[in-house]
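A.B. asks: generate a structure from the sequence data that follows.
(2 chains)
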Protein chains: 2
Amino acid sequence: MTHKRTIDPDLESLRDTLMGMGGVCEEMIHLAVKLLLDHDAALMDGIREREEKVNRLHIEVDERCLRLLALHQPAAIDLRLVAAAIKVNSDLERVGDQAVNIAETSLHLCRLPPMRLGDIPRMAELAAGMLKDALDSFARGDVELARSVIDRDDEEDRLKSSTFSELLALMQSDASTIQRALEHILISRNLERIADHATNIAEDAIFMVLGKDIRHGAEREAGPQGLPEDVQA
Amino acid sequence: MTHKRTIDPDLESLRDTLMGMGGVCEEMIHLAVKLLLDHDAALMDGIREREEKVNRLHIEVDERCLRLLALHQPAAIDLRLVAAAIKVNSDLERVGDQAVNIAETSLHLCRLPPMRLGDIPRMAELAAGMLKDALDSFARGDVELARSVIDRDDEEDRLKSSTFSELLALMQSDASTIQRALEHILISRNLERIADHATNIAEDAIFMVLGKDIRHGAEREAGPQGLPEDVQA
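C.D. replies: Predicted coordinates for the structure are as follows:
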């Protein structure tokens, strides 16, 4: 189910900027994981460049949200879009940080012999796909796609646990793997956090479209001003 | 430097609710660390109760921010307060999640023999103090206090690195410690993230008061509408 509607050009531009920022974050994840898998340290420069770009966009998006609130005084779904954009902006900036963390740990692993990766490649693919679909659900107002992102988070948690168990067993059976296995466990935590941020974005997309807060098991509906019925003044 | 000003009662009430939520998060950190240090599994119930409270407040604060934006159309510092509250609310909810993660890992450690903690107690004290001061700086508009929080984040990172080195060396010298040392390293990462959230809150406090975005090394000033000069329409 995709909700189409006419949109203020400034809101459309805000949404496009966020989507562009999200695209840069997706590239950062792909590069960081490629650095890990291929032991290719030269990819770090491209990641750093994109980190600076994301940091600039982070500040720019916040400024644009404040300007929209001050000058346009949006209501209903438009207000929820701007409030959601403030949150999605924070999540994306932190996704970029996580990608940098993965790349820095991987850079360190480049200097060590390669080893078993557990479910890390699968975790990376799942987290990147969740982020992509969360951003698409936000851009298109696609509630079903957003719900599918939220559903996939359990699988990411399952993979995190199986990676932990596998690498712990490896460390215990072969002490020469301790440092490398530990660094791989930290990378799996970074990937899990990227999936968490994607889940947050999907929840924000649903709230923006439906005015329904589905976080923490709540299902609260928005009234005509874009506010949950029971808090309207 | 504390900035005093008259404030809309609804904004004051929003700020008080956020401070109350922050207080519950501080309690969660203290209980989680106590669970770790005292091996006292009975503390888990109090942590779970507070987690539910934080989750309820998380939804309530977002609703109140939207209501304030829709009905009061705040400007300048009031607008920046509401925008900051949306972000502080997310940070606090995630601080609560981190405390729960620490408690869950500690619950597991309760069943294993105690071991060396590295700099974890110091990291916990520092992170909890940073959160407390970040919230105070937000409540009082105290820019100097906020800057002191941001400065302390480097010390937390240093302690994270020394804990990692110490526990890695322990794992490598005594295989019987591998699982426990690994879980302690994960707890140190949770504490580092709490310090990161405190830093985010301090940055939001500075932006709220000065209209200056100091993130990512930027120093952008707000104009009369609460917006950075160069983005005013």
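A.B. asks: point out where chain A drops to low pLDDT.
C.D. replies: A:1-7, A:222-233 (pLDDT under 70).
A.B. asks: go again using 80 as the cut-off
C.D. replies: For chain A, the stretches with pLDDT under 80 are A:1-7, A:212, A:217-233.
A.B. asks: would you map the helices across it?
C.D. replies: A:9-38, A:44-72, A:76-109, A:120-140, A:143-173, A:178-210 (DSSP state H).
A.B. asks: what sits against residue A:177?
C.D. replies: A:115, A:170, A:171 (C-beta atoms under 8 Å, 6 or more residues apart in numbering or on different chains). Yep, even glycine has a C-beta here, placed from its N, CA and C like the rest.
A.B. asks: residue A:175 now?
C.D. replies: Contacts of residue A:175 by C-beta under 8 Å, 6+ apart are B:172, B:175.
A.B. asks: which among the contacts of residue A:177 count as buried?
C.D. replies: Buried by 16 or more other C-beta atoms under 10 Å in any protein chain shown: A:115, A:170, A:171, out of the contacts of residue A:177.
A.B. asks: who's the closest spatial neighbour of residue A:55, skipping the chain neighbours?
C.D. replies: Of all residues not flanking residue A:55 in the chain, residue B:216 sits nearest, at 3.9 Å (C-beta to C-beta, 6 or more residues apart in numbering or on different chains).
A.B. asks: hang on, the one you found packs against residue A:54?
C.D. replies: No - assessed by C-beta atoms under 8 Å, residue B:216 is found out of contact with residue A:54, at 9.2 Å.
A.B. asks: ok, the two, which is more surrounded?
C.D. replies: residue A:54 (24 against 14; other C-beta atoms under 10 Å in any protein chain shown).
A.B. asks: quick revisit: any chance of a markdown table for the helices of chain A, columns distance to residue B:188?
C.D. replies: What follows is those, written out as a markdown table (distance: least, C-beta to C-beta, whole Å):
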| stretch | distance to residue B:188 |
| --- | --- |
| helix A:9-38 | 22 |
| helix A:44-72 | 24 |
| helix A:76-109 | 14 |
| helix A:120-140 | 21 |
| helix A:143-173 | 16 |
| helix A:178-210 | 11 |
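A.B. asks: out of those, the one nearest residue B:90 is which?
C.D. replies: Closest to residue B:90 of these, according to C-beta to C-beta: helix A:76-109, at 6.0 Å.
A.B. asks: off-centre distance for that closest one?
C.D. replies: Helix A:76-109 sits 5 Å away from the centroid of its parent chain (C-alpha atoms, centre = their mean, to the nearest Å).
A.B. asks: does anything pack onto that helix? Which helices or strands?
C.D. replies: The helices and strands touching helix A:76-109, judged by 3 or more C-beta pairs under 8 Å, 6 or more residues apart in numbering or on different chains; DSSP states H and E, are helix A:9-38, helix A:44-72, helix A:120-140, helix A:178-210, helix B:44-72, helix B:76-109.
A.B. asks: export only the CA atoms of stretch A:181-196, formatted as CSV.
C.D. replies: Output of stretch A:181-196 as CSV, limited to C-alpha atoms (Å, rounded to 0.1, in the frame of the first residue of the first chain):
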residue,chain,number,x,y,z
ALA,A,181,37.4,-13.6,16.5
LEU,A,182,36.8,-10.9,19.1
GLU,A,183,37.1,-8.2,16.4
HIS,A,184,34.6,-10.1,14.2
ILE,A,185,32.2,-10.2,17.1
LEU,A,186,32.5,-6.4,17.4
ILE,A,187,31.8,-6.1,13.7
SER,A,188,28.7,-8.3,14.1
ARG,A,189,27.5,-5.9,16.8
ASN,A,190,28.0,-2.9,14.5
LEU,A,191,25.9,-4.7,11.8
GLU,A,192,23.2,-5.4,14.4
ARG,A,193,23.1,-1.7,15.3
ILE,A,194,22.7,-0.8,11.6
ALA,A,195,19.7,-3.1,11.5
ASP,A,196,18.3,-1.4,14.6
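A.B. asks: great, nothing more from me.
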